[in-house]
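Asks: one predicted model, sequence on top.
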Amino acid sequence: MRALIEAFGRLVEKIRGVSHIDKSVLAELSREIQRALLRADVPLDMIKQFTDDVLRRLREGGPPAGIPIKEYLLYVVYEKLVELLGGEFPAEFKPARRPYVVMLVGVEGSGKTTTAAKLAKYLARRGYRVGLVQTDTIRPAAFDQLKQLAESVGVPFYGERDSKSAAEIALRGIEKFRNLDVIILDTAGRHRSEESLMQEIKAMYEAVKPDEVMLVIDATVGKQAAAQAEAFMRHAPVHSVIITKMDSTARGGGALAAVVKTGARVKFVGTGEGVDEIEPFNPRGFVSRLLGMGDFETLVDRVRAALEEDKVLQEVESGRFDLLTFKRQIEALLKLGPLSKLIQLLPGGLALKVSEDRVELSQRNLKKWLAILSSMTREELANPEILNASRIRRVALGAGVTPREVREMLEVYENIKRMTKILRKRLRAHGKLALRGL
C-alpha cells in the first residue's frame, strides 16, 4: 500500500508543479496517471476509460471562476478515482431484521475465518449481539481457529467438530443463536476443485437463505479479484465484499476497482492482521489517503462550492430566482467557510470597514435563513407567493424561529430578486451578462 501511496503522491506533486497545462503537459500527466494505476494493478480497460474520462471532463468544461486549472485537474482526478472505486457513498451495514444472518464466502487463503472474528468484534463494539458459526467441514483446523478467535473477541461460538454437513451445522447454529442480533457463518474455502466449492456454496445458500452474502477477497490477487467475484456470483448472490490484506500490497487498488466493476459493493477492508484491524470502506477517505493529501477535502469543497455557485448563476442569468435558487446561493456561501475569513479576502482596506459584529450577525442570519428555507416544501420554494400566514407559522415552527423572522427573510429575498432583475437589464443593455458577486 505504501508503494501505491508513493506513486500517487508523485502524480499529485507533478500536477501541482506545472506552471501551465497545454496538450503536451496533459499527455505527460495522462501517462503518469496510467503508470500510477498500472502499479495499482487496475485492469487495462479501466485505466483507458479512466484517463479518457479525465481528459474529456477537462476538454468539455474548464474550471469555475477563481479555481486554478491545476487544482481543477486534481479535483477531476480525485472525483474519477472515487467513481472508479465505488462512488461517493459508502455501503453501510444495516441489519434489516433479527437475527440477521451473514454468510462469509471466499477461496482458501483469503483470510475468511480471521475476518469473521474481526467483523464480529467490530459489530459487537457497536452494540450488536453477535454469534459466530463455523461450518467448514473440509479444513481440520477451522473449528479450533474460529473457536479461539470467538473467545478472544468475546462472542459466542457454535460448531460441530465431526459433522459432515455444512448446511445442517449452519441451521443448528442459527437456531441456537436465534435471540442474537447478527449471526456470522464461516464457510469452507478449500476443495479439490473450484466447481465442488461453488456447488457447496450454492447448496448452503439455498438451505440457509442468509440475509447477506459477503465475499472475502485477498487484496494481493489484484485485478484477478473480478474473476473470483464473478465465479461466486454465478452460484449465489453476492451482496457485499470485504477485501483483506489492504495494508500489505500495492495491488489493493486493482482488487477494489476489479470488484466494483462486477457491480458488487465493497463494505469493509482489512487493514492488518489484528482482530481490531477492519474498517468500513469509504471511497472518498481511501482516495484521500491514496493521494497522500490531508487537505484534499478542503480543495474538493472549494471546487464544489464554486461549481454550485455557477449553477446558481446560470439560474439567475436565465431569469429564474425563486426561493430554491436563494437557498442554493446560501448553501454555496456557507460551504466557502466562515464569512469572517471571506471578508479578509476583500481587496485594499475594505475588510477593515466591515465590523466583526456585522459579520457575525450576517453569518447567523445565513444559518437562520437556511433553516427557514429547509423547513419549506419544494412547492413553497418554487412558488413563494403561496406562503400565507398559516404556512409561515408552520415554517417558523419547523425552523425554530418566529413568524416575524420568516417574513424578514422573505423581505430580504424580494429585495435581492428586485436588484437582480434591475442589474440583468443594465448588463444586457451593455451586451454583458456577469452577475458574479451578487
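Replies: Perfect, thanks for sending it.

Asks: which residues are contacting stretch 10-21?
Replies: 25, 29, 32-33, 36, 69-70, 73-74, 77, 291-293 (CB atoms under 8 Å, 6 or more residues apart in numbering). C-beta: built from backbone N, CA, C; applies to glycine.

Asks: let's go with 7 Å and repeat that
Replies: For stretch 10-21, contacts defined as CB atoms under 7 Å, 6 or more residues apart in numbering pick out 25, 29, 32, 33, 36, 69, 70, 73, 74, 291, 292, 293.

Asks: and for stretch 102-112?
Replies: Under CB under 7 Å, 6+ apart, the answer for stretch 102-112 is 115-116, 182, 184-187, 189-190, 201, 204-205, 208, 210-218, 228, 232, 244-245, 270.

Asks: about what we covered before: now, of the contacts of stretch 10-21, which are buried?
Replies: Those of these that meet the buried threshold are 25, 29, 32, 33, 36, 70, 73, 74, 291, 292, 293, by 16 or more other CB atoms under 10 Å.

Asks: okay, stretch 270-277 in CSV with CA atoms only?
Replies: The C-alpha coordinates for stretch 270-277 follow below in CSV (Å, rounded to 0.1, in the frame of the first residue of the first chain):
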residue,chain,number,x,y,z
GLY,A,270,-8.9,-5.5,6.4
THR,A,271,-6.0,-3.2,7.3
GLY,A,272,-3.8,-5.6,9.3
GLU,A,273,-3.6,-9.0,11.0
GLY,A,274,-5.1,-8.0,14.4
VAL,A,275,-8.8,-8.6,15.2
ASP,A,276,-9.2,-4.8,15.5
GLU,A,277,-7.9,-4.1,12.1
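
Asks: mind checking which helix or strand of the protein has the lowest mean pLDDT?
Replies: The helix or strand of the chain with the lowest confidence, counting by mean pLDDT, DSSP states H and E, is helix 339-343 at a mean of 42.

Asks: are we agreed that residue 103 is in a strand?
Replies: Yes. Using DSSP: H, G, I helix; E, B strand; the rest coil, the secondary structure at residue 103 is a strand.

Asks: residues near it, how many?
Replies: 25 (other CB atoms under 10 Å).

Asks: also residue 209?
Replies: Quick note: residue 209 (other CB under 10 Å) scores 10 neighbours.

Asks: for residue 237, see how far away it is.
Replies: The spacing between residue 209 and residue 237, counted by CB to CB, to the nearest Å, is 11 Å.

Asks: that older thread, please indicate which of the contacts of stretch 102-112 are buried?
Replies: Buried subset of the contacts of stretch 102-112 (neighbour count, 16+ other CB under 10 Å): 115-116, 182, 184-187, 189, 201, 204-205, 208, 210-218, 228, 232, 244-245, 270.

Asks: just checking, what packs against the strand or helix carrying residue 256?
Replies: Element membership for residue 256, per DSSP states H and E: helix 252-261. Packing contacts for helix 252-261, counted by 3 or more CB pairs under 7 Å, 6 or more residues apart in numbering; DSSP states H and E, involve helix 225-233, strand 240-244, strand 266-270.

Asks: residues in contact with the second one?
Replies: This means strand 240-244. Residues outside strand 240-244 that contact it (CB under 7 Å, 6+ apart): 91, 110-111, 115, 212, 214-219, 229, 252, 255-256, 259, 264-270.

Asks: contact partners for the closest residue to residue 114 other than its chain neighbours?
Replies: Using CB to CB, 6 or more residues apart in numbering and skipping residues adjacent in sequence, the residue nearest residue 114 is residue 149, 6.9 Å away. Shown in contact with residue 149 (CB under 7 Å, 6+ apart): 114, 117, 275.
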